[in-house]
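Visitor: sequence plus the predicted model coming up.
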Amino acid sequence: MKQPLGVILAGGQATRLGGGDKGRLMLGDRSILSHVIERLEPQVAGLALNANGDATRFDDLGLPVIADDLDGFAGPLAGVLAGLDWAAEQGGETIVTAAADTPFFPCDLVPRLLMATDGMEHRLALAATPRGEGEATKSMSRSGLIRHPTFGLWPVALRHDLRAALDGGLRKVVLWTDPHDGRLAEFPTSLGNPFFNVNTAEDLSEARRMVGAV
């Protein structure tokens, strides 16, 4: 199979951090988004940024910017669909998505997702981690793992099915992946949650502390 293309999902609304692009916040001498690009780019055949609004604000990154083509804020699945449509134009078979506010995700994200989907006709999987003590259960799978829906491997062949689901009002990622027998790629948490993301000012402070320790 072809190596997946990569899509960074940056279309979210940073309401708890005063709006704007979370990925542009600084961690050390680089932005969160720069950390994400550095981790994902070596793992994929090509990279694009999913973001809405004025695309020229990302010109300095040198990446193609693809916007959601659905009205309103339709959540991460709209970004996945935009990425799949872009990948189809590039002749790609799959994409791997990563969130623009998650700077410490695993450097073996793509290999583990590919391994988890070995043998599938349409490779579809989400990243997952063991549940930590006191961790919320809303994203828990039946196997007891916490799913991270913005980190996944998605097949271009199912993009029309996804569009139909979104047009029908579906928004929750797992309500689409589960009926398609999406699998889970488990990542260890022995060194902390690799999918820690920046949502609040406190998270940003913690991420800055972590950068100093990495």
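Guide: Arrived safely.
Visitor: the longest strand in the protein is where?
Guide: What stands out as the longest strand in the chain, according to DSSP state E, is strand 145-155.
Visitor: helices or strands up against that strand?
Guide: helix 76-89, strand 94-99, helix 109-116, strand 125-130, helix 173-177, strand 183-186 (3 or more C-beta pairs under 8 Å, 6 or more residues apart in numbering; DSSP states H and E). Any C-beta I mention is one placed from the backbone N, CA and C, and that applies to glycine too.
Visitor: make a markdown table out of the ones you listed and add mean pLDDT, distance to His35 and mean neighbour count.
Guide: Shown next, in a markdown table, are the helices and strands packed on strand 145-155 (pLDDT from 0 to 100; distance: least, C-beta to C-beta, whole Å; neighbours: other C-beta atoms under 10 Å):
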| stretch | mean pLDDT | distance to His35 | mean neighbour count |
| --- | --- | --- | --- |
| helix 76-89 | 98 | 19 | 22 |
| strand 94-99 | 99 | 11 | 26 |
| helix 109-116 | 99 | 13 | 19 |
| strand 125-130 | 98 | 17 | 23 |
| helix 173-177 | 98 | 23 | 18 |
| strand 183-186 | 98 | 21 | 20 |
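Visitor: where does the chain have low pLDDT?
Guide: 12-19, 132-142, 213-214 (pLDDT under 70).
Visitor: got the contact list for stretch 40-56?
Guide: When contacts are defined by C-beta atoms under 8 Å, 6 or more residues apart in numbering, stretch 40-56 is touched by residues 2-11, 21, 37, 58, 61, 63-68, 79, 82-83, 86, 90, 92, 96, 98, 100, 105, 107-111.
Visitor: quick one: the most centrally placed residue in the chain from Pro155, how far?
Guide: In the chain, the centroid-proximal residue (C-alpha atoms, centre = their mean) is Ala98; its distance is 2.6 Å. From Ala98 across to Pro155, the span is 17 Å (C-beta to C-beta, to the nearest Å).
Visitor: what do you get for Thr97?
Guide: Distance from Thr97 to Pro155, by C-beta to C-beta: 12 Å.
Visitor: re the thing from before, so for Ser143, which of the helices and strands packed on strand 145-155 sits nearest?
Guide: With C-beta to C-beta as the measure, strand 183-186 is the member of these nearest Ser143 (6.9 Å).
Visitor: who does the closest one pair up with?
Guide: Within its sheet, and counting by DSSP bridges, strand 183-186 is paired with strand 125-130 (parallel).
Visitor: that concludes my questions; thank you for your assistance.
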